[in-house]
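K.L.:
Sharing a model prediction with you, sequence too.
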Amino acid sequence: MATGGAGSSQDRAAALLRSFSTEVVPHELSIRPAAETSRRGFVESIDFDVHESEQYLEFTKAHESGQRSERAFLTLRWSLPIAVGFATGVIGSGIDFFIAKLTVLRFRALKSLISVGCDPGILALVHVAMCVSLAAVAGMLVCFVSPLAAGSGIPEVKCRLNGVGQPSVVTPKTLVAKTVGILFSVASGLPCGKEGPLIHSGSILGALASRVGARFAFPQYDWEIETRDLITCGAAAGVAGAFGAPIGGVLFAMEEGSSFWNVRVMLRALLCASVSSLVLNFFLVGFDSLYGFGSLGALGALTFGSFFGSGTASYHIWELPIFLVLGVFGGLLGASFNALNVPLTRWRMRCVGPRGFPRFLEVLAVTACISTAVFLVPLCFGMCYVTDVSDSGKAGTPFISCDPDRGGSPSFADTLGLFVTPSEDSIKVLFHDPTKLHNGLLAVFGALYFIVACWTYGLGVPSGLFVPSLLIGSVMGRVVGQLVQPMARGGGIASPGTYALIGAAASLAGMARITISVVVILVESTGNIQCALPLLFTVTVSKWVGDLFNEGIYDIHIGLKSVPLLPAFPEQHMDISRAADVMVRNLVVFNRVEKLQSLLDALEGCPHNGFPVVQPGTQQLCGMVSRDVLLHCLVQGQAVPGLFQAGLAVERNDPTTPGGLLPYLRPRPKVSEEPNWPSMEEVKAALGSPEAMGSQYLDLGPYVNSAAFVVREEATLRRAYCLFRTMGLRHLPVVGKDNCLRGLITRHELILATHDTRSA
């Protein structure tokens, strides 16, 4: 056992590297021991490739003969998405219900003060105090419990599905902080929606479901791919649980979330999203006293209200250019929103930090400013009162109106009501209210909401961007629709509500750069299939315009956090680069038969997760071996007679070990995103003293992934990139024509190459 400190371990590892063949250039190690780095909150790349070693194949052959086990696993594979969808639907329904109840309590308190003739100044203080108190609960959950519960969570889910593991992204603690925090964020009146956090919550449920299967049902299998697929299903269920749009949820998971897609994932995601939507509709309609539980086909289940029977969904051919102009405006609006949010986010990262008291104070200050502005701006135009709070809305959502005697005309009062109405209900007003709203006040409301929504995104509370962007676009579309109305000489043109729908889609596409999923979500949540064609045209134009200026808001935040996300397509300049141009030549390489002390020194001296294994002398690649396999071999090897051989020549050609083969290494069931391999202390305790293992060797042949994907050194960087990303790899060995190891490509090298080509 090594008795020296970290420095001595690194010296031994460096000496070991110098003994390797000069075909792979060694380097002095200057990094922390792996035992230390594995405990830190670092970003870890995920390997979705199956480690097809001789040992694994023998185990698979022995277990595939049992049809009962295969049927049981197939049943579990389709049962878990159902469970995830059901749980996501229940959480979505509960979030809807409790948001409505908290909002009702807040407005009833204001109504009671108004009824006794309370002074407007006192009324404003009470309003601000209630909003700040509600936001404080959400802020505490983020700032002191789970910092990754902040925001929508969509960038984190997207990175996880791309193969980047971040600690605490899909943990139960984050789930609790996310689901409870979003209740208070929305109820506080902050310009945020529940949709993004529900997508994150569904993804966490998918990850937790996979861990249950890995821990109790089939712990012998590699569940990394199953985890990825169930997280995708959970993301689709989150959209369905927020909008009641299962098809839109599947398309969103495909378009914005998952980096790996196939028909089986699509079917499982559709099943999961359908169950989530079914549960949501069951409770959503049940909360409505007009329909009651069980009326699943009721129109009350439509999230943004129905356009059926209103005669307002039709449009004329000459309106299509106007819709395209709305798409241009939506792209410009989204690009402006994203551009303004970048310096704000950088300031928060530099001065506020991800957690702690400074971030909590920012939550209180921003909420106080926004709630004050929302209360005072209507006073500049006319007093707006809460005149009624009823349970006629969804799950008891309050109905807010303004006193016409205070605000002038009914349209003036109705427009002022948007300032104090919950965001989702404001969208319904803009979609369906037949009253002509005041264009000037709509412009003021839209500008104010744009500013506060940009200010809120990235705040230390759970918050989604869907509803704010839809509301901003709805205001834009409603104003354009009301301006177009006097131009119509005959019937058959679209109503201002339809223009609001088109504008909402344009705004969301401009901010998030999602297209087909936005169209289907809005069609499913409004029942307005007639507008599918103009919606498609509009969101396409909006995305094109936005892409001229910057990336989508989710990709921008991924870049600001320096997460190594691999884009779907390689850069065009990668055609002129070769794999040899970017590969790492300084490698930790093992011979096929290696000394135990050398293995221990290398594992302790570097944090790498995968190591090339070569034939001694020739340097021909035998394959890759992962850190967890090596650590399990070292920990369990003493229990297998003959596994560790004394005096075995490293240069021998016969790879067969006289002793037995270590049984298949069942990985420890993962309970978090942290690495779950044995610690170096466990390894040293199992191996004993350095004298006991001084002359012992381990044949790595049975544990090497001999079928690992490789790329030739003369291959273009584009080919290497596509192979790496498509197969979900963590390491890609680069070999020469003689199959000798030349280097290694990891996610880090591809990210650097992508940035280099962009800056070229």
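P.N.:
The structure has been received and is ready for your questions.
K.L.:
ok, which stretches of the stretch 651-760 of the chain are strands?
P.N.:
696-699, 711-712, 731-735, 741-746 (DSSP state E, counting those that start in this stretch).
K.L.:
could you dump the ones you listed to TSV with mean neighbour count and mean pLDDT?
P.N.:
(Glycine included, C-beta is placed from N, CA and C.) Listed next are the strands of the stretch 651-760 of the chain as TSV, based on neighbours: other Cβ atoms under 10 Å; pLDDT from 0 to 100:
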stretch	mean neighbour count	mean pLDDT
strand 696-699	22	82
strand 711-712	20	96
strand 731-735	23	95
strand 741-746	23	94
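K.L.:
Compare the ones you listed and report which one is nearest to I556.
P.N.:
Minimum separation from I556 across the strands of the stretch 651-760 of the chain (Cβ to Cβ) falls at strand 741-746, 24.5 Å.
K.L.:
Can you name every helix or strand that the closest one contacts?
P.N.:
When contacts are defined as 3 or more Cβ pairs under 8 Å, 6 or more residues apart in numbering; DSSP states H and E, strand 741-746 packs onto helix 579-582, strand 610-614, strand 731-735.
K.L.:
How about the shortest one, which residues are buried there?
P.N.:
It refers to helix 579-582. Using 16 or more other Cβ atoms under 10 Å as the burial criterion, the residues of helix 579-582 that qualify are 579-580, 582.
K.L.:
Now distance to L175 too, for the strands of the stretch 651-760 of the chain, in TSV please.
P.N.:
Below are these laid out as TSV (distance: least, Cβ to Cβ, whole Å):
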stretch	distance to L175
strand 696-699	41
strand 711-712	39
strand 731-735	32
strand 741-746	31
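K.L.:
right, and those strands - which one's nearest P354?
P.N.:
Nearest of the strands of the stretch 651-760 of the chain (Cβ to Cβ): strand 741-746, 26.2 Å.
K.L.:
got the CA positions of the closest one in PDB?
P.N.:
Extracted as PDB, the C-alpha positions of strand 741-746 are listed here (Å, rounded to 0.1, in the frame of the first residue of the first chain):
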ATOM      1  CA  LEU A 741      -2.500   3.700 -30.700                       C
ATOM      2  CA  ARG A 742      -1.800   7.300 -31.700                       C
ATOM      3  CA  GLY A 743      -4.000   9.300 -29.300                       C
ATOM      4  CA  LEU A 744      -7.400   9.800 -27.800                       C
ATOM      5  CA  ILE A 745     -10.300  12.200 -28.400                       C
ATOM      6  CA  THR A 746     -12.700  13.200 -25.700                       C
END
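K.L.:
Run the angle between that strand and strand 610-614 for me.
P.N.:
In terms of direction (axes from the mean of the first three to the mean of the last three Cα atoms, to 10 degrees), strand 741-746 departs from strand 610-614 by 170 degrees.
K.L.:
Low-confidence ranges, the stretch 601-750 of the chain, go.
P.N.:
The stretch 601-750 of the chain contains residues with pLDDT under 70 at 637-677, 690-694.
K.L.:
90 instead, please
P.N.:
Within the stretch 601-750 of the chain, the ranges that satisfy pLDDT under 90 run 601-609, 616-619, 626-703, 706-707.
K.L.:
ranges for the helices of it?
P.N.:
Taking DSSP state H, counting those that start in this stretch as the criterion, the stretch 601-750 of the chain contains helices spanning 627-636, 680-687, 690-693, 717-726, 747-759.
K.L.:
Dump the ones you listed to TSV, plus distance to N528.
P.N.:
TSV is the format used below for these (distance: least, Cβ to Cβ, whole Å):
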stretch	distance to N528
helix 627-636	52
helix 680-687	61
helix 690-693	72
helix 717-726	37
helix 747-759	40
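K.L.:
out of these, nearest to A129?
P.N.:
Shortest distance between A129 and the helices of the stretch 601-750 of the chain, using Cβ to Cβ, is found for helix 747-759: 46.9 Å.
K.L.:
can you count the residues close to R346?
P.N.:
12 (other Cβ atoms under 10 Å).
K.L.:
can you check F709 too?
P.N.:
Neighbour count of F709, defined by other Cβ under 10 Å: 16.
K.L.:
how about the residue nearest to A150 when sequence neighbours are not counted, what does it touch?
P.N.:
Spatially, and ignoring its direct neighbours in sequence, A150 is nearest to V142 (4.6 Å; Cβ to Cβ, 6 or more residues apart in numbering). Neighbouring residues of V142 by Cβ atoms under 8 Å, 6 or more residues apart in numbering: 149-150, 177, 181, 355, 359, 363, 460-462.
K.L.:
go on, M266?
P.N.:
Residues near M266 by Cβ under 8 Å, 6+ apart: 250, 254.
K.L.:
For it, give its distance to S542.
P.N.:
Distance of M266 to S542, given as Cβ to Cβ, to the nearest Å: 26 Å.
K.L.:
tell me which element L110 falls in.
P.N.:
L110 belongs to helix 67-115 when assigned by DSSP states H and E.
K.L.:
Counting by contacts, list what that helix packs against.
P.N.:
By 3+ Cβ pairs under 8 Å, 6+ apart, helix 67-115 packs against helix 120-140, helix 172-187, helix 195-212, helix 224-243, helix 263-287.
K.L.:
In which helix or strand does F329 reside?
P.N.:
Using DSSP H and E, F329 sits within helix 320-347.
K.L.:
For that helix, name the packing helices and strands.
P.N.:
helix 439-456, helix 466-484, helix 496-512, helix 532-547, helix 553-560.
K.L.:
Which neighbouring elements make contact with the second one?
P.N.:
Here helix 466-484 is seen to pack against helix 195-212, helix 320-347, helix 423-432, helix 439-456, helix 496-512 when contacts are counted using 3+ Cβ pairs under 8 Å, 6+ apart.
K.L.:
list the buried ones in it?
P.N.:
In terms of neighbour count (16+ other Cβ under 10 Å), helix 466-484 has its buried residues at 466-482.
K.L.:
Just put the helices and strands packed on strand 741-746 in JSON lines and tack on distance to H316.
P.N.:
Formatted as JSON lines, the helices and strands packed on strand 741-746 follow (distance: least, Cβ to Cβ, whole Å):
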{"stretch": "helix 579-582", "distance to H316": "55"}
{"stretch": "strand 610-614", "distance to H316": "61"}
{"stretch": "strand 731-735", "distance to H316": "55"}
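K.L.:
Can you say which of the helices and strands packed on helix 320-347 is packed in most?
P.N.:
Across the helices and strands packed on helix 320-347, averaging neighbours per residue (mean count of other Cβ atoms under 10 Å) puts helix 496-512 on top, at a mean of 31.
K.L.:
That helix to helix 439-456, inter-axis angle?
P.N.:
30 degrees.
K.L.:
next SSE after helix 496-512?
P.N.:
For helix 496-512, the following helix or strand on the C-terminal side (DSSP H and E) is helix 516-526.
K.L.:
I'd like to know which elements that following helix is packed against.
P.N.:
In terms of contacts (3+ Cβ pairs under 8 Å, 6+ apart), helix 516-526 is packed against helix 224-243, helix 246-252, helix 496-512, helix 532-547.
K.L.:
Geometric centre of the protein: which residue is closest?
P.N.:
For the chain, V157 is the residue whose C-alpha lies nearest the centre (Cα atoms, centre = their mean; 1.7 Å).
K.L.:
ok, that one touching Q166?
P.N.:
No: taking Cβ atoms under 8 Å as the definition, V157 is not a contact partner of Q166, at 10.3 Å.
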